[in-house]
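Undergrad: could you look at this predicted model? Sequence included:
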Amino acid sequence: METNRAEATVSEFHVTDVFWMSSIGKRFIVGRMVGVFEIGQSVTLRQQDGTTVSGTLEAINLHRQKPGFCTLVFSEEISNRVQPGDLIHD
């Protein structure tokens, strides 16, 4: 049975590391993805202190260093503030 995006459960990305990629001027956010994300999707960063920041998912890289982990690229609003331990969700 197919499930459309509106019926899907909340998608989460648990941040484990952040790397600055000077060659492209972007931060790569490493973590564990639960659910489905789409490029261009609006997301919310929830920092450990409860602060929230809205932004957009810009890129997905499924090349994994560890099983279950991937690398995502988010808009500057999120990329400039995200830290390991934070949560990004739809």
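TA: Good, I have the coordinates.
Undergrad: where do the strands sit along the chain?
TA: Per DSSP state E, the chain carries strands over the ranges 12-21, 26-34, 42-46, 52-61, 69-74, 87-89.
Undergrad: in a markdown table: those, plus mean pLDDT and distance to Asn80.
TA: C-beta here means a position set from N, CA and C on the backbone, and glycine is covered the same way. As requested, these are exported to a markdown table (pLDDT from 0 to 100; distance: least, C-beta to C-beta, whole Å):
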| stretch | mean pLDDT | distance to Asn80 |
| --- | --- | --- |
| strand 12-21 | 95 | 10 |
| strand 26-34 | 93 | 8 |
| strand 42-46 | 98 | 10 |
| strand 52-61 | 95 | 9 |
| strand 69-74 | 93 | 9 |
| strand 87-89 | 98 | 13 |
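Undergrad: winner for burial among those?
TA: Ranked by mean neighbour count under mean count of other C-beta atoms under 10 Å, the strands of the chain are led by strand 69-74, which reaches a mean of 20.
Undergrad: returning to that earlier point: closest to Arg81 out of the strands of the chain?
TA: Closest to Arg81 of the strands of the chain, according to C-beta to C-beta: strand 52-61, at 5.6 Å.
Undergrad: which strands and helices sit next to the closest one?
TA: strand 42-46, strand 69-74, helix 76-79 (3 or more C-beta pairs under 8 Å, 6 or more residues apart in numbering; DSSP states H and E).
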